[in-house]
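> Fold the following and give me the result.
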Amino acid sequence: MKKFTDEFTNQFENRELQRDEYLNESDHLIYCTKCHTPRQGRYTLQGRVFMPPIRCKCQQEIYDQEEAKRKLSEKQAEIERMKASGLQDKSLYDYTFEKDTGINPEMHLAHKYLENWDDMKARSSGLLLWGDVGTGKSFFAGCIANALLEKGVPVLMTNFPRILNTLSGMHFEDRNQFIDSLNRYSLLIIDDLGIERNSEFALEQVFNVIDSRYRSKKPLIVTTNLTLEELNNPADMAHSRIYDRILERCAPIRINNRNIRKDNASANLQEAKKILLQ
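Numbers count the residues shown, from 1 in each chain. Here you go, the predicted model:
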């Protein structure tokens, strides 16, 4: 141990001064000529004094800045990884509050849900977004998804046709593991409930996913073209047990009847005409 201490001491105690350093005669430590704070410490180990290098104030500031940049870069990389996992349709990347045109009057409720996310999560409170085709239900849900992902919250936005395609090629045990894996996400968003097949297999798997989420006590957001009347009065028991669990945990919000998709299509056509006629 003594040999190590001697070598450690000699290595740093007798080093040459750099151009931006000077030896402070009051404590015999090396100082920085810029910030006039020490670049050398003095410590005692087993009766021997050694003076290892330390960061002066300006070196520490540079280190802190570089460390902050590194952490920010790592955070952004993690967010991108989470988006790649959670937003399986690349078009969902554009569903953000920044791109909200203000057409949909219900969008303020998306902001409220996000602002109260911690409480919503603790209460297992989700949303049921219902209304006609093209009224902005997916955009509403996507804005919440992207905002939470930017905060580092794991979110999966998917649909049942995609889930059913995955499950159809699996064995029973693998299906259970896959369904359980959906609960790793703090928020699960099921887009377009009701467009999936009504086969016995499909309805059973839809129930398994919804029931698993229900039992996990984690929030669920569902969008659907079905009316609230249809959801409250299902045609059979298979649909009833699915809808009952959704309605118990998801507050229903009707998205206005204006067809935003048609508005966008009309605007695009008008722009195309302008370009062609110029």
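> next SSE after the biggest helix by length in the chain?
As assigned by DSSP state H, the longest helix anywhere in the chain is helix 57-86. On the C-terminal side of helix 57-86, the nearest following helix or strand under DSSP states H and E is helix 107-115.
> Figure out the helix or strand that the residue nearest the centre of the chain lives in.
For the chain, Leu149 is the residue whose C-alpha lies nearest the centre (CA atoms, centre = their mean; 1.9 Å). Secondary structure assigned from DSSP H and E places Leu149 in helix 137-150.
> Buried ones in that helix, by neighbour count?
Using 16 or more other CB atoms under 10 Å as the test for burial, helix 137-150 gives 137-149. Bear in mind the C-beta positions are built from the backbone N, C-alpha and C, glycine included.
> From Gly142, how far out is Thr101?
The gap separating Thr101 from Gly142 is 14 Å, by CB to CB, to the nearest Å.
> One more: Asp132?
The value you get for Asp132 to Gly142, if CB to CB is used, is 18 Å.
> Then Pro105?
Counting by CB to CB, the gap between Pro105 and Gly142 amounts to 18 Å.
> just Pro234 next, same as before
Separation of Pro234 from Gly142 (CB to CB): 27 Å.
> Quickly list the domain ranges of this protein.
2-60, 87-264 (automatic domain parsing).
> Give the rounded mean pLDDT of the shortest one.
Averaged across domain 2-60, pLDDT comes to 83.
> from the chain's centre, how far out does it sit?
Distance, stretch centre to chain centre, for domain 2-60: 45 Å (CA atoms, centre = their mean, to the nearest Å).
> Now do the SS call for Asp192.
Judged by DSSP: H, G, I helix; E, B strand; the rest coil, the three-state class of Asp192 is strand.
> Let me see the contact set for it.
By CB atoms under 8 Å, 6 or more residues apart in numbering, the contact list for Asp192 reads 138, 159-160, 223-225.
> same thing but at 6 Å, please
Applying CB atoms under 6 Å, 6 or more residues apart in numbering, one finds that Asp192 lies in contact with Asn159.
> hang on, the earlier thing: quick one: buried residues of the longest helix of the chain?
For helix 57-86, burial by neighbour count (16+ other CB under 10 Å) applies to 59, 79, 82-83, 86.
> and it with helix 137-150, angle?
150 degrees (axes from the mean of the first three to the mean of the last three CA atoms, to 10 degrees).
> re the thing from before, in CSV, list the buried residues of helix 57-86 along with distance to Cys35.
Formatted as CSV, the buried residues of helix 57-86 follow (distance: CB to CB, whole Å):
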residue, distance to Cys35
Gln59, 8
Ile79, 35
Met82, 40
Lys83, 41
Gly86, 45
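> Tell me the one among the residues you listed nearest to Arg249.
Each of the buried residues of helix 57-86 was scored against Arg249 by CB to CB, and Gly86 proved nearest at 20.0 Å.
> shouldn't the closest one be in contact with Val155?
Yes. Counting by CB atoms under 6 Å, Gly86 sits close enough to Val155 to count as a contact (4.7 Å).
> can you confirm Arg197 is in a strand?
No. With three-state DSSP as the criterion, Arg197 is assigned coil and is not in a strand.
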